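Predicted model and sequence follow; I will ask about them next.
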Amino acid sequence: MLSFHCVPTQPMGSSQRRPAPHLMQISPDKIAEILERIDIVALISRNVKLRRAGGSYLGICPFHAEKTPSFNVNPQRRFFKCFGCDAGGDAITYVQRLQGLSFVEAVRQLAQEAGVELDVRHDPAAELRQRLLGVTATAQRHFEHCLWNDPRAKPGRNHLAARGVSEDMARRFGLGYAADAWNDLTDILVRDGAREWATQVGLVTPNRSGDGFYDTFRGRLTVPIRSAEGKTIAFGARFIEAAPGRQVGPKYLNSRESPLYRKADTLYALDMARDEIRRRKTAVLVEGYFDVIGLFSAGVRNAVALCSTALTPGHIAALHRTGAENLLMLLDGDAAGMRAIERLSGALLASGKTIRVATLPNGEDPDTFALREGAAAIEALLETAPPLSAHLLHTLLPNAQSHTLEEKMTALARMRRTLDEIPPGLAKDMFVAALASHLGVSETELRAHLRFDPSPLARHTQRPSNAASEPKRSGCAPITACEAHLAALLIADPSLRAEPEARVTDEFDALALRAILQSEQPEAALDRLDAPHRQVIDACLAQIAATLPNRETRLQALRDASRKVRLQSLDRLLRDVKARINACDKNTPDEESEPLFEEHRRLNAQRLELQKH
């Protein structure tokens with residue numbers, strides 16, 4: 001039996017409470033001041049070894065694997081650019097991408113470092129969020145303390161030992177225990193004056209009689225669900241024991257949704273897997289919390305799990321922000337695992353990412369298989385995983401053309417939901433063609449049966465009003481026409497934010513627009529813009545509504561706008577490098593001038609390549 005060592009934790013009580021900070025509504029001028037004060041070379045040098053190359057610095061990119069340095073830092077423009085993976089932006093973008101922070105949190109961190117006092121405006125919603133985070137943090141400390149120190153938690157420790165979860169791994173994932181008692185946590189939260197907020201996040205439940213409250217989680221192992229920044233926002237709880245006569249309840253009991261926690265936007269363990277996903281550009285998707293923990297224990301560190309039964313655009317966007325270009329599904333080989341693949345396949349095929357499916361032998365779970373066979377066996381399984389589309393067709397009807405009409409019609413009925421979730425466009429057309437070929441029927445007949453028509457790829461992009469380039473009243477860069485149009489596309493169709501082209505917003509010169517796009521509700525945040533620029537965005541939104549009626553046309557418009565923004569960014573870089581070249585004279589050493597010419601050649605080659613598309 002695995003032994004666990006008890007380590008005392010800090011006592012919990014009113015001394016642990018902190019005043020809830022207000023949300024910082026940050027002006028573009030303050031952002032500009034932060035960027036002026038931050039030495040971007042010194043900031044990046046903490047994680048990347050940089051060497052001087054003319055007026056710039058070169059190093060190995062922290063966002064993708066490379067051997068030859070292609071990561072360029074320009075101190076004059078306070079800008080970084082990788083010519084290998086195309087990552088680029090300012091100090092705020094760098095901190096966001098490196099640490100997985102939101103825009104506001106990255107700004108707050110850099111403001112503190114630069115000694116810039118941010119404008120603060122009271123925001124009740126933000127204050128509530130901070131109070132709720134305080135409550136979940138208190139609960140997390142309580143559950144962890146109970147698991148390692150309370151004799152009542154012995155069944156929980158025994159369960160972890162039986163599953164092969166080491167103490168070190170349990171502590172890394174913050175596992176805890178809710179004793180089989182009615183008021184352990186409730187008493188702490190009431191004493192802290194936090195009962196109201198605890199009710200909102202579902203940690204305490206009102207008695208049916210209306211008199212008093214009790215702990216929601218009892219006799220359960222607790223699994224903290226964390227935000228991308230590593231803050232506890234909810235809990236999953238696995239049933240372990242119940243007092244005689246007490247109703248057992250479900251095997252897994254999860255926190256309700258709250259202002260902190262939306263299942264449609266949350267992936268379990270993304271905070272732990274983020275760096276490995278970025279390094280490998282691949283995420284492994286499993287179904288359960290302990291599947292993730294088992295894979296981590298075996299050495300597979302890029303695994304995440306859904307907190308809901310459906311894959312959503314929010315999940316795809318979260319993976320996109322970590323740099324995941326490929327997604328590997330690793331699910332049980334039983335009937336439930338097969339149903340899960342069918343249930344998720346529509347959203348996955350619509351995401352545009354490379355999706356592959358690895359299935360375990362029937363009766364195996366990812367955690368038990370990984371702990372028994374090790375990382376090498378898992379990696380081999382993932383390496384040979386077929387594409388999702390091929391997996392769907394061959395598991396639905398392995399030898400479709402030899403099946404009866406009735407069997408084919410049953411298979412089509414099962415596939416209908418998947419087809420309905422794929423938006424009209426090339427991906428759907430290709431999948432329908434593959435399905436028709438697999439079934440041995442004509443594509444025309446299949447489309448007639450399914451009652452939908454192919455959607456031709458259309459390009460409908462009109463240049464937005466030139467008013468977008470009017471100067472802002474603040475000292476920050478103006479909003480250009482292509483930036484305004486791209487921002488309006490992302491506001492009009494939030495699903496586009498998961499597309500790779502949306503990442504170009506990191507290169508926007510208009511800091512006000514970047515701040516708006518990084519907010520939780522960009523459309524509501526438009527009020528922060530000056531009136532003339534708000535009118536420009538509104539005009540773009542109206543134009544999009546009138547001329548881009550479906551997602552396919554909006555996606556093509558996003559690609560066109562993204563290319564224009566990249567060209568605009570490259571033009572700025574080229575002008576800067578050319579100015580530095582012109583400043584060289586015959587006395588400038590070759591080791592300073594030659595890197596400038598090389599940088600100019602690389603930028604120019606990248607611009608020419610973009611112009612071809």
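Good, I have the coordinates.

For stretch 165-181, buried residues please.
Of the residues in stretch 165-181, 165, 167, 170, 173-181 count as buried by neighbour count, 16 or more other C-beta atoms under 10 Å. Using the backbone N, CA and C atoms, a C-beta is placed for each residue, glycine as well.

Pull out the CA atoms of that stretch and give them to me as PDB.
The C-alpha trace of stretch 165-181 is given here as PDB (Å, rounded to 0.1, in the frame of the first residue of the first chain):
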ATOM      1  CA  VAL A 165      -1.600   8.000  -8.400                       C
ATOM      2  CA  SER A 166       1.500   9.000  -6.400                       C
ATOM      3  CA  GLU A 167       1.400  11.600  -3.700                       C
ATOM      4  CA  ASP A 168       3.600  13.800  -5.800                       C
ATOM      5  CA  MET A 169       1.200  13.700  -8.700                       C
ATOM      6  CA  ALA A 170      -1.800  14.100  -6.500                       C
ATOM      7  CA  ARG A 171      -0.200  17.300  -5.000                       C
ATOM      8  CA  ARG A 172       0.700  18.600  -8.500                       C
ATOM      9  CA  PHE A 173      -2.900  18.300  -9.500                       C
ATOM     10  CA  GLY A 174      -4.200  19.700  -6.200                       C
ATOM     11  CA  LEU A 175      -6.300  16.700  -5.400                       C
ATOM     12  CA  GLY A 176      -8.200  16.900  -2.100                       C
ATOM     13  CA  TYR A 177     -10.900  15.300   0.000                       C
ATOM     14  CA  ALA A 178     -14.300  16.300   1.200                       C
ATOM     15  CA  ALA A 179     -15.000  14.400   4.400                       C
ATOM     16  CA  ASP A 180     -18.400  12.600   4.800                       C
ATOM     17  CA  ALA A 181     -19.700  15.400   7.000                       C
END
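
Run the chain-centre distance for that stretch.
Distance of stretch 165-181 from its chain centroid, counting by C-alpha atoms, centre = their mean, to the nearest Å, is 25 Å.

try stretch 95-112
15 Å.

Out of the buried residues of stretch 165-181, the closest to residue 318 would be?
The shortest gap between residue 318 and any of these belongs to residue 173, at 18.5 Å (C-beta to C-beta).

circling back: can you tell me which of the buried residues of stretch 165-181 are in helices?
Among the buried residues of stretch 165-181, DSSP state H puts 167, 170 in helices.

Return the subset of the buried residues of stretch 165-181 lying in strands.
176-178 (DSSP state E).

for those, which one is nearest residue 348?
Of those, the one sitting nearest to residue 348 (C-beta to C-beta) turns out to be residue 176, at 32.7 Å.

That closest one: what's it in contact with?
Neighbouring residues of residue 176 by C-beta atoms under 8 Å, 6 or more residues apart in numbering: 140, 142-147, 221-222, 224.

Same question for residue 537.
Applying C-beta under 8 Å, 6+ apart to residue 537 gives the contacts 484, 487-488, 491, 526, 529.

one more time with 7 Å, if that's ok
Contacts for residue 537 (C-beta atoms under 7 Å, 6 or more residues apart in numbering) come out as 484, 487-488, 526, 529.

Show me just the buried residues among the residues you listed.
Buried among those (16+ other C-beta under 10 Å): 484, 487-488, 526, 529.

Which one of the contacts of residue 537 is nearest to residue 208?
For the contacts of residue 537, the closest approach to residue 208 (C-beta to C-beta) belongs to residue 526, at 45.0 Å.

Do I have it right that the closest one meets residue 536?
No: using C-beta atoms under 7 Å as the test, residue 526 is too far from residue 536 to be in contact (10.6 Å).
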